[in-house]
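Enquirer: Sharing a model prediction with you, sequence too.
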Amino acid sequence: MVFEVTSATSPPAFAAWAGNVAALCDAVERLQPLAATLGTGDPQLGGWHGALFGKLRPQVAREPLLVAAVCGGTNTGKSLITNTLVGAVISRSVPEAARTLHPVASFARGVAERIDLAALFPGFRPVPWRSDEDALDHASADVLVWREDPGGTQPARLVVLDTPDIDGTLRENWHRAELVRNAADVIVAVLTQQKYNDAAVRDFFAAAAAAGKTVIVVFNMVDWPRQRERIAGWLATFAAETGVMAPAVYVAPHDFAAAEAGRIALHPVPELTRDHAELGLAERLATADFDRIKRHAMEGALRVVVDPAHGLPAWLDGIDQAAAGWRDSQRLLEREGRVQVELPPPPRQIVWDEVWSWLEPRRSGVDLFVSAGYRAMGRGISWAAHRLGVGRTAAERQEDFAHAELEALKRALADFIDRLDDACRRDARLASRLGPKLASADRAAWYADLERRHAALPLVSEDYRTFVRLELDRFAAANPGMVKALLAGLTVGSVARPVMTLALFGAGAAAVPAAAGVLHHVLDFGVTVAAPLAGEGAVAVAATGSKPLIERLFAGWSAERSRILAETLHDVVLGDGVEEIGRLAASGSRPELARARQLLVECSRECG
Amino acid sequence: MASTSDPTPAAEPDFAAFDALVDALGRWAPTGPAWAPARRVKNEWEGVAARLDKVRRELSRVLVVGVVGGTGTGKSTLVNALAGGEVTAAGDVARPTTVNPIVVAARDVDLSWLPLDAMQARVVRSESPAVANIVLVDCPDPDTQSLPGAAAGEPGRPSDANRNRDLLEAVLPACDVLLLVATAQKYRSWIVAREVAAFAPGRPLLFVQTHASRDPDIRGDWRRELESQGFDVPRIFRLDGVEAAARAAAALEPEPGFAELVRAIDGELVGRAARRVRRTGAVDLAAWFTRQSLSGLDGFTEPLAALAAGITTERSRLEAILARSIGEKLRANRSAWQRLIGDDVVARWHGGPFAAFLHVIAALGSLWSRVRPGGGLVGRLLAGQAVSVAARDGGWPAIEELGLAAGEVEQSRSVLSGLASRAGLEHPLVGRARLDAAAATAATASVVDRAGHWLGEGIDRLVAERRSRIGRPLVHWTFEALFLALLVTVLVRAGWNFFHGNLWEGKPVSGIGFLEEALVWVILWGFALRWAIFALVRLGLDRDIQSLVAGLASSRLVDPLIADFTDARVAATEWLDEGGLLRIEADRLAAACGEAPGLGRLRRPST
């Protein structure tokens, strides 16, 4: 039988949707990695994803083929019915259940070469049919076997598929059947009196009905005609459960011998058929109004996509909610990820020497001579004191300081890790980002890294020298009588003991109330972990401009010292976890989200 | 198919060993450390323990056989055939047919122990010989209630009220044996397989293919399917329930498949066999429990070993820091060693001018040492003071003074807490990296106490050894002789000057000047000899200090600082090891039970 498109029926105007559907697919694909990292559910589990990617995208702009799929539970005779429908053995029927592992598609001659099969059936790798054993092949995964109708009677726009089962112990089969269902316009539901009300069967066909597919029901293995009166009851139950309004119902009597031989009869049940016509199933499929069915299926798919409760909008809402959750997590981390580093009092001459060397060219000859004399004398006294065992040399003092400083940094690191552990315990989202790193990493290596950085940091770095010069230059410009002020300031500043606050997020780091009210000369400056800086900025402290000069000079020096801890935290402990959390927290405002919502509004308008 | 008319009796389980195993499991499972995996095992055990206990109490009552399978497979038809009449509705009118479970029992069987209300079951009495010695339950199907997690459809569907699977899950715990019914359409049903797998551990099974007159024989494929799910499948019965029920009603000879099933029930589920079935089921259940619970714990073996290695590493690291610092402090206190060893030796030297000289020096020196402050624990020990440590002496300054900084300890604890959390050991089993004030005080006090004892003993040993070397009379008298030699020389010289020079040759007396000069020389000589004694004291002291400090590791000084990690690891490992032994014992008993010829068992998790 050759099918002709009558010119009276206008071809479905899907092309108008094509732009929006493509844009929507694009937006969803861009959002998918984000959704995966946000921990929102797998979009592929939602029916809308199958409708959008399995139905609308492949079919909206292509040749409007009508896809009819034969679906049902294990061992209900799907292959037998497909073969009967096609009029040839395309998929072998075997007594063992769940043996059809791959869908088999039958095309009219010449169609398969013309179209992109992989695009028509997303998720499958199309392979040409070789034998009726193809569909039973265990070796290959996600294959779709296709062949051309050997009889030459199949309508040009009709594709018939045999599908794997929807309720067996091989869950991959379910998934393959769902992919085929998504792509189909017409579903031939093969039911038996054992299975018509099984939950797995109901769920499968309910999804088909919701997506606007035309579902034709075939009751197989019926004790015919004894059970004829039962059929209406079974069908009513099935319709009530699934929402399927079958336009036609067929019955295949239980006939073991005929089944063995591959010949089964499909009796129409006119009293349960909408048009009461006694039309054979193959004939009904061939003469159906393809365009109307197709349009119905496409509109149904679009309805599934735009459904606010279960469709794409719900998924987008999920992303919004997850982003809001991440914002909470970020706030928790902001509160918890903050430690105070109580550095030992810095050796006075560190800052002093830098100031001195800045002052050198600005002083008179007499002044220089006198101070050089004092310095020589001071060195002599220090040497003598050391020999007597009363004082320690500058080198020893620096070594003592380095020890104490490293110890303070280690304590701060341990405290930080404790806090991160706590935060992860309290917040599952943080645990998902930071937990694996915290749990699986070799923490000893973190401390080794800190030690390495500490050992590599010179007591006075070039960065710090630059910082001091800039600060002093600025100060000198603002205060003409500065030398006196400086000398006085150095004496006071030398006893300052800065407390550095390391925070995971920059915002508010400097706003931590300084403990200055309690501890005299304790300064609180913020150092942010997340953004490692180099050069001039590396020494900059968060409290710019608000502290007296000398305190700032000391704080700058201590900030540089604490920065190595920040670097260890950032480079070794946390990796880019913190930035990632920041990105996730900000993901609610991604432009793709707004774009997807706007496209949805347009699509909703299209499907009414 | 093998005949069951004369089944070879399977080996009886070893009852005493089984009781011992259950007792051992009862001691092991609920008493694990406060460790998440142990808590999980404890929870699992609660369900299993109740069942094992029930088996011990109800060893001799009849077996409850639950007939399970998908809807439409002919469960009710089979129950009717076995009961010899229409006790439960069967047919093709509507799916599901059976909603409330039907309990079929002989008239004289007491059912008061069955939780009929919880099962929402209806009891039917039957005279049929097939159910004379068992209780048969026609169970609801598992496959008509909507799947968990399935997308909610339109509300108001009839199946929304379907609670068959929930009901089934309330009924199956009461069953001792499962009679699994399947058809060609349903033997590979995922949902049925899932429900059976959940209840099969410890419940022997009978497998029956129904609809024999309509469906092809799928027993070969079903067996493969069941074996892939972990079942031992000795046999599968094949029968037609409708025909069996019709023949039973017409009092005709039963069809062969049905007759075989009835014989198997009689032979393997009744009388002595029932006891054995129940025991075997219980042993299987115990074996299943140990296998499942411990295979869930396998993943912790490696992290626990890593934690053990980490504890060793961190302990060595802290000990090395402590050893280095204590060694330095011991070496730095040379004068203290001198005083401690030399002064004591000298104090015991009596008689002789050198001894007298040293006593005078020591008396002067003690004035000086009394005004010097004591230098920490090492200083106090070297000053010969007894060190007693009270808990209040703890706190970080106490061990920082020994050279072990809080930062180093926290580093070790932080590293260990990472390893511990990988092994699932968390608060309260182990503390945080930063110890809270009370714990820090207690731990550091303990360290100081240990260090005080260990160091005190070590110093005492070292001092005693050196004292005995220097304190020997030979050394004493050698020094006395050397000192005396100068004194004698001075006296001889003075005598010579006086007697020979003054009296004999008439030279003038040189006066007191010579003696003053001589006294200076004597004092200098005395100091030189004293220096020699101290040189002897110091000889090889560095080496001895090194070997003393090398013994630090064996004294477990730093253990209190990481004791929580050590204790937790030991507790978890010991508990795991004990469980491993129980698993071996349970597997041995289960293997010794042998096979009942017609009953299947779930032996392995699904592949």
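Expert: Received the coordinates, thanks.

Enquirer: just the residues of the stretch 151-300 of chain A that are near chain B, which are they?
Expert: Residues of the stretch 151-300 of chain A found near chain B (CB under 8 Å from any CB of the partner chain) are A:165, A:167-171, A:174, A:192-200, A:202-203, A:206-207, A:210, A:221, A:223, A:227, A:230, A:233-234, A:237, A:240-243, A:254, A:256. C-betas here are computed from N, CA, C, even on glycine.

Enquirer: Next step: the residues you listed restricted to helices.
Expert: A:171, A:174, A:199-200, A:202-203, A:206-207, A:210, A:230, A:233-234, A:237, A:240-242, A:256 (DSSP state H).

Enquirer: Please indicate which of those are buried?
Expert: Those of these that meet the buried threshold are A:174, A:199-200, A:202-203, A:206-207, A:210, A:230, A:234, A:237, A:240-242, by 16 or more other CB atoms under 10 Å in any protein chain shown.

Enquirer: Save those as CSV, and put in pLDDT too.
Expert: Listed next are those as CSV, based on pLDDT from 0 to 100:
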residue, pLDDT
A:174, 91
A:199, 91
A:200, 92
A:202, 92
A:203, 91
A:206, 92
A:207, 91
A:210, 90
A:230, 90
A:234, 94
A:237, 92
A:240, 92
A:241, 91
A:242, 92
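
Enquirer: what's the neighbour count on the single nearest residue of the stretch 501-607 of chain B relative to chain A?
Expert: Closest residue of the stretch 501-607 of chain B to chain A, CB to the nearest CB: residue B:606 (9.0 Å). Neighbours of residue B:606 under the rule other CB atoms under 10 Å in any protein chain shown: 12.

Enquirer: isn't it right next to residue B:230, touching?
Expert: Yes - in terms of CB atoms under 8 Å, residue B:606 counts as a neighbour of residue B:230; the distance is 5.2 Å.

Enquirer: shared neighbours, the two?
Expert: residue B:197 (CB atoms under 8 Å, 6 or more residues apart in numbering or on different chains).

Enquirer: From residue B:189, how far out is the residue of the stretch 51-200 of chain B found nearest chain A?
Expert: Among the residues of the stretch 51-200 of chain B, residue B:72 lies nearest to chain A; the distance is 3.2 Å by CB to the nearest CB. According to CB to CB, to the nearest Å, residue B:72 and residue B:189 sit 11 Å apart.

Enquirer: Which one's more surrounded, those two?
Expert: With neighbours defined as other CB under 10 Å, residue B:72 and residue B:189 compare such that residue B:189 has more, 33 against 26.

Enquirer: which residues touch the closest residue to the more buried one other than its chain neighbours?
Expert: Using CB to CB, 6 or more residues apart in numbering or on different chains and skipping the chain neighbours, the partner closest in space to residue B:189 is residue B:70 (5.0 Å). Residues in contact with residue B:70 (CB under 8 Å, 6+ apart) are A:194, A:198, B:141, B:142, B:143, B:182, B:183, B:186, B:189, B:191, B:192.

Enquirer: Now pLDDT and distance to residue B:241 too, for those, in TSV please.
Expert: Putting the contacts of residue B:70 into TSV (pLDDT from 0 to 100; distance: CB to CB, whole Å) gives the following:
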residue	pLDDT	distance to residue B:241
A:194	92	13
A:198	92	19
B:141	91	15
B:142	91	19
B:143	89	18
B:182	95	12
B:183	94	10
B:186	93	14
B:189	93	18
B:191	92	21
B:192	93	17
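
Enquirer: Which elements pack onto the helix or strand residue A:405 falls within?
Expert: Taking DSSP states H and E as the definition, residue A:405 sits inside helix A:394-426. Under the contact criterion of 3 or more CB pairs under 8 Å, 6 or more residues apart in numbering or on different chains; DSSP states H and E, helix A:394-426 touches helix A:312-336, strand A:338-342, helix A:428-440, helix A:443-456, helix A:549-568, helix B:406-422.

Enquirer: in the helix or strand just after the shortest one, what counts as buried?
Expert: Read that as strand A:338-342. Scanning forward in sequence from strand A:338-342 by DSSP H and E, the next helix or strand is helix A:348-359. By neighbour count on 16+ other CB under 10 Å, the buried set for helix A:348-359 is A:348, A:350, A:351, A:354, A:355, A:358, A:359.

Enquirer: Just the angle for helix A:348-359 relative to helix A:549-568, thanks.
Expert: Helix A:348-359 runs at 120 degrees relative to helix A:549-568, counting by axes from the mean of the first three to the mean of the last three CA atoms, to 10 degrees.

Enquirer: what packs against helix A:348-359?
Expert: Using 3+ CB pairs under 8 Å, 6+ apart, the elements in contact with helix A:348-359 are helix A:462-478, helix A:482-493, helix A:549-568.

Enquirer: Can you spell out the domain ranges of chain A, please?
Expert: Here the domain assignment for chain A is A:64-289, A:343-575, based on automatic domain parsing.

Enquirer: The shortest one: end-to-end distance?
Expert: So the one you mean is domain A:64-289. Using CA to CA, to the nearest Å, the end-to-end distance of domain A:64-289 comes out at 12 Å.

Enquirer: And the last one, by the same measure?
Expert: Using CA to CA, the end-to-end distance of domain A:343-575 comes out at 25 Å.

Enquirer: and it, average pLDDT?
Expert: For domain A:343-575, mean pLDDT is 70.

Enquirer: returning to what we had before: could you single out the nearest of the contacts of residue B:70 to residue B:174?
Expert: Ranked by distance to residue B:174 (CB to CB), those are led by residue B:142 at 16.0 Å.

Enquirer: Where does residue B:534 fall, secondary structure wise?
Expert: helix B:512-538.

Enquirer: Run through the neighbouring helices and strands of that helix.
Expert: Checking 3+ CB pairs under 8 Å, 6+ apart, helix B:512-538 ends up next to helix B:334-337, helix B:353-371, helix B:437-470, helix B:473-495.

Enquirer: Compute the inter-axis angle for the last one and helix B:512-538.
Expert: Angle between the axes of helix B:473-495 and helix B:512-538 is 170 degrees (criterion: the same axes, to 10 degrees).
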